[in-house]
Every structure is written in C-alpha cells, then in structure tokens.
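>>> please find the sequence and the predicted model below.
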Amino acid sequence: MIQPVLDPYALAKALSGLQLIDGALRPPASGRTFDVAHPATLAVIGQAADGDAADVDLAVAAARRAQPAWAKTRARDRGKLVARCGELLMAHVEELARLTSLETGKAIRTESRVEAGVLADVFTFFGGLGSELKGETIPFHPDQLIFTQREPIGVVAAIIPWNVPLLLMALKIAPALVAGNTVVVKSAEEAPFGVLRVAELLQQILPPGVFNLISGDGPGAGGPLVAHKDVKKVTFTGSVETGRIISRAAAEKLIPVTLELGGKSPMIVMGDADLDLAVAGAVTGMRFTRQGQSCTAASRILVERPLVERFVTALKAKVDAMVMGDPLDERTDIGTIISPRQLGTVRKYLTIGRATPGAEAVECSAMPTDPRFAEGLFVRPVIFLGLDRSSALFQEEIFGPVTMIVPFDSYDEAIELANDSDFGLAATIWTTNLHRALDAAQRLEAGFVQVNQNLVVQPQLSYGGVKTSGLGKEASLEAMLEHFTHKKTVLIRVR
Ligand code: NAI
Ligand code: MG
C-alpha cells in the first residue's frame, strides 16, 4: 500500500504506470505508458498505464469472479462498507485534492478540495441506501402472491472524463456497488492518478475484484471494455460523439447504457430579477473557477434588454476580481484548462466569436505573470456580446471559460431562445415573478431546472439531461434503482 503523502508530485510518481486489478496495483500487460503533465507548467508529473484489451480481460474477469459473493452480501452490509469508504476518503481529502489540482490544473481552494469532499459524501450517501433496494407486492389476485425484487446487473463498466474525475466516478460506482454489482472503471487519459489513488485506498475496505480501475485511451481501453461479453451495463460521462460510439457498441450487445453528455445550459434573467443574485449565479453557474469545463456551464446567458448593460458590467467586475494562477495556491480562484487539445478547442471558438460581425469579446481577469507558468494552459475568461442563435458559440458546447450575453425583449422570446438547442441538461430562470418562474419550470427543455439559484449536483437529487444531453439519471436513490438493478417479477400461486 502507498503511504499517505501530501506531496502530489510524489504521489503521482508512486502511482505511475499502474492500474488496479483484482485488489492490487499492477502495470499493464503491454508495459506501455504515456506521459501526464501538470497543465500549469506542462512539466511531466508521471506516466499513466496505457491499458488495452488484455488489461480489460483481466479486470473484467476479476470483477466477474467477485460479483456472486458481493451480490450475496446482505445489502445493508454492502452499504455499510460503502459508507466506510466515504469515511476513509474523507480522511484523505487533502491528499486527493492536491493530486487532483496537480493533474487537472483546477484550483485547490475553489475546486479540487470541494470535489474531494463531495466524493467522500457521495459514498456516505449511497452507503445509507442498502436497505432501500426494495420491490413491491402487486394485488393481482387473491390466490396469488406477486412481488418484484431488485437484482444486481452484474459487471458494470464506468467510463469517466477528466473535468470532475473524482466526483463523476463516485456518482457511478457508489450506487453500482451498493446495488450488488462489481465495477471496472476506465479513467480519462488526462486525469488518471486521483481516481487510481481512490481505487487503491478502497482496497482496504472492499473485497478484491469488486472495484477495478484501468487507464488508457478511449478506443484502446474504453472500446474493448464496452465490447467485453461479460460487461452487462455501461455508464458513461463525456462527449456526445463518444456517447454515440458507446451507445452503438452497447446496442450491439443489447445491454443498458446511462449517458451523461454535454450541455449548453441557458440562464434566463428577467428584468425584474435581483441583479446581484443573478450575477453571482452566473459566476457559479458558468463554473468560471473550473475554466467553464463543465457540462452544466451557464454558457448562454439570456438577459432582458434593459438590464443588459448593468449585467455585463457587474459580471465583468466579479470575474475580474478572480485570481488566475497556481492551481496549488490557496489564493487562486481560477486554474488552467486541462490539456493543449482542449485549449485549442477553446481558442477555435474564441476565433470564431471574434470574427463574427458585430460581436464584442469582453475579456476578464488577468493572466498569471509568474514565469513558472509561462507554458501553462491559462486562458482569460470571455463574455461575448453581439452573438445570436446562428453562432456556433450559441449552439455548440465549448467547455471553456466562454459565455455570452444575448438580449431578449419578451418572456416568450426568452423561453424560445433557451429551448433553441440540441442540448437539454440544465436551465435557470431569475425573476421575482412567481408565475413566470413556475411557467418557465414547465416550459424549459432540460433535466434540471432551478429558479433564482444555481446549486451544483447534489447526491440525493436525480441529475441527467434530455435531447442530446444524455440518457438516464445519475445521483439519487432513483438512479441506483433504475440504472444499477434489474427488476424481477415473481408470481406465486398460493392455493
Ligand atoms: P470524450 O468523451 O472523448 O472522453 C471521455 C471518456 O471517454 C474518456 O475516458 C475517454 O478515454 C473515453 N473514450 C473516448 N473515446 C472512446 C471510445 N471510442 N470508446 C470508449 N471510451 C472512449 O471527451 P474528450 O475528448 O475528453 O473531450 C471532448 C469534449 O467532450 C469536450 O470539449 C467537452 O465538450 C465534452 N466533454 C463533456 C463532459 C461532460 O461532463 N459531459 C466531460 C468531458 C468532455
Ligand atoms: Mg474524445
């Protein structure tokens, strides 16, 4: 076992070249690895195991061997073990936060420490739900006893992205495990270490093979995992494009999938809104502290025309006050973009936006001046004005610190603009008019609607999108029951 260390560089080195299969850290069958860099300096911090089909076979075989005994463990006892995982992770929050900031470039105070705490909390929450795996009795006929029971699906594959790796992994594996499944996770290329440390820690509590983790690229490791004949369910968070590939592969095997994909979440600010509240909500909603790298990012801010100027001024002032810099420094509010590739995507959209006739790019915050970060993947947050629905920036997910303010003249126009998107993940409306708020909650095409606030995902509330934002729900008891169990109907003739 690796000793707890607060030096994230040492931890990344210690975890280099390893995966977690059948209770032990081990190198990939091929021996191949690839470099992982700290996005703030581009210095190499370690090597990720470049897992492939051979590692998938080992991990799935281990999960399959472990599954019957895990499923036979009393549900409440599985829950207790998962809750103990939560306690253990809580004791390692600081270490996981540092490691996450090192590999993702997210600021420790505003992002990584919060994420590591929620990771632990998700295990604690689902750990309490073991006894909720209940069925129903159905009054069909006096001579029959008919009931349903919840059964585990078997080996679950979880493919996760790099933007919130600890939390997004927890939302998949905690409910899957409590429901009696065993799991193989495929981590994202850009963020392999934090989740591997979690997997390694949890071996102190979970039986071998119950929770396995491999790394490697999408087609090389994720592809064979989804296609493996013994994988009976796939849960995925990431891009729409990859979601479609995974969905097709799952369709070939006729197994269920849960997909949490992108978003272009609208925020409607009515003229009667509390301006300060709405502006603060735009800052959290847009996830500026995460450089906008969030599927939920409030990347289309629709503002009633008379309020636009004041809104822009107030939002710019707030974002200007945020400190961009060293992800591991407590004073930092905003860290970096994850990778050169992602920075390229963000710059591509900035170029398109700036080249649009009539558009104006309001740049916020200041770039870090420390020469240590000369190569760092920093980019200034931008608020675009003068873009409309015809812009690629209005229609496509950017996954960067780029938002836009689009004026509207009537409430109906605002709802119509908000719904003019292929995506439907989250939406908010800011108003003091109760009728408008209730009407909007009905008319907005999104899986998660909030009024006058912008809370982040909560473990007890179902989360998931409509349209191309995904299929199925994550978090909540409902997600555990609907997406990680099969419901069996049993009919017994009693006389
Ligand atoms: P991606 O969807 O390609 O990657 C996410 C995960 O899927 C990674 O673990 C990756 O290795 C895996 N993957 C990729 N191709 C695969 C395949 N053929 N089979 C199985 N697994 C595969 O996302 P990427 O390339 O990192 O980012 C591209 C865009 O996706 C971003 O700019 C953003 O718009 C969106 N995205 C959305 C996320 C969300 O939270 N919904 C998270 C990450 C990215
Ligand atoms: Mg990709």
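Happy to help now that I have it. Ligands and ions are numbered 1, 2, ... in the order given.
>>> flag every residue of this structure that's near ligand 1.
For the chain, the residues in contact with ligand 1 (Cβ under 6 Å from any ligand atom) are 159-161, 163, 186, 188-189, 217-219, 222-223, 226, 237-239, 242, 245-246, 260-262, 295, 342, 345, 397, 399. Backbone N, C-alpha and C define where each C-beta goes, glycine included.
>>> now, which of those lie within helices?
Secondary structure from DSSP state H places 223, 226, 242, 245-246, 342, 345 of the residues of the chain next to ligand 1 in helices.
>>> list just the nearest of these to ligand 1.
Sorting these by how near they are to ligand 1, with Cβ to the nearest ligand atom, puts residue 242 at the top with 3.3 Å.
>>> show me what contacts the closest residue to the closest one other than its chain neighbours?
Spatially, and ignoring its direct neighbours in sequence, residue 242 is nearest to residue 218 (6.3 Å; Cβ to Cβ, 6 or more residues apart in numbering). Applying Cβ atoms under 8 Å, 6 or more residues apart in numbering to residue 218 gives the contacts 159, 189, 242.
>>> for residue 354, grab the count of nearby residues.
When counting by other Cβ atoms under 10 Å, one arrives at 12 neighbours for residue 354.
>>> nearest residue to it in space, please, no chain neighbours.
Nearest non-adjacent residue to residue 354, counting by Cβ to Cβ, 6+ apart: residue 361, 5.4 Å away.
>>> now residue 485: how far from residue 65?
21 Å (Cβ to Cβ, to the nearest Å).
>>> so which of these two has more stuff around it?
residue 485 (22 against 14).
>>> okay, and the residue nearest to that one when sequence neighbours are not counted sits in which element?
Spatial nearest neighbour of residue 485, excluding adjacent residues (Cβ to Cβ, 6+ apart): residue 150 at 4.1 Å. Secondary structure from DSSP states H and E places residue 150 in strand 144-152.
>>> packing partners of that strand?
helix 53-72, strand 485-493 (3 or more Cβ pairs under 8 Å, 6 or more residues apart in numbering; DSSP states H and E).
>>> quick one: average pLDDT of that strand?
Strand 144-152 shows a mean pLDDT of 98.
>>> repeat that for stretch 481-495.
Mean per-residue pLDDT for stretch 481-495: 97.
>>> can you point out the buried residues in it?
Within stretch 481-495, the residues that count as buried by 16 or more other Cβ atoms under 10 Å are 481-485.
>>> need the contacts of residue 218 in TSV with neighbour count and pLDDT, can you?
TSV is the format used below for those (neighbours: other Cβ atoms under 10 Å; pLDDT from 0 to 100):
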residue	neighbour count	pLDDT
159	25	98
189	22	98
242	18	98
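>>> secondary structure class for residue 302?
strand (DSSP: H, G, I helix; E, B strand; the rest coil).
>>> which residue does the stretch 301-450 of the chain bring closest to ligand 1?
Closest point on the stretch 301-450 of the chain to ligand 1, by Cβ to the nearest ligand atom, is residue 399, at 3.7 Å.
>>> next one, pLDDT for the nearest residue to that residue once chain neighbours are set aside please.
With Cβ to Cβ, 6+ apart as the criterion, residue 399 has its nearest non-adjacent residue at 5.2 Å, and that residue is residue 293. Looking at residue 293, its pLDDT reads 98.
>>> before we move on, what about residue 308?
The model reports residue 308 with a pLDDT of 98.
>>> try residue 4
For residue 4, the predicted pLDDT is 61.
>>> and what of residue 448?
pLDDT, read off for residue 448, is 97.
>>> in this structure, which residue is closest to the centre?
The centroid of the chain falls nearest to residue 168 when counting by Cα atoms, centre = their mean (4.1 Å).
>>> that one and residue 236 touch, don't they?
No - the pair residue 168 / residue 236 is not scored as a contact, 9.9 Å apart, by Cβ atoms under 8 Å.
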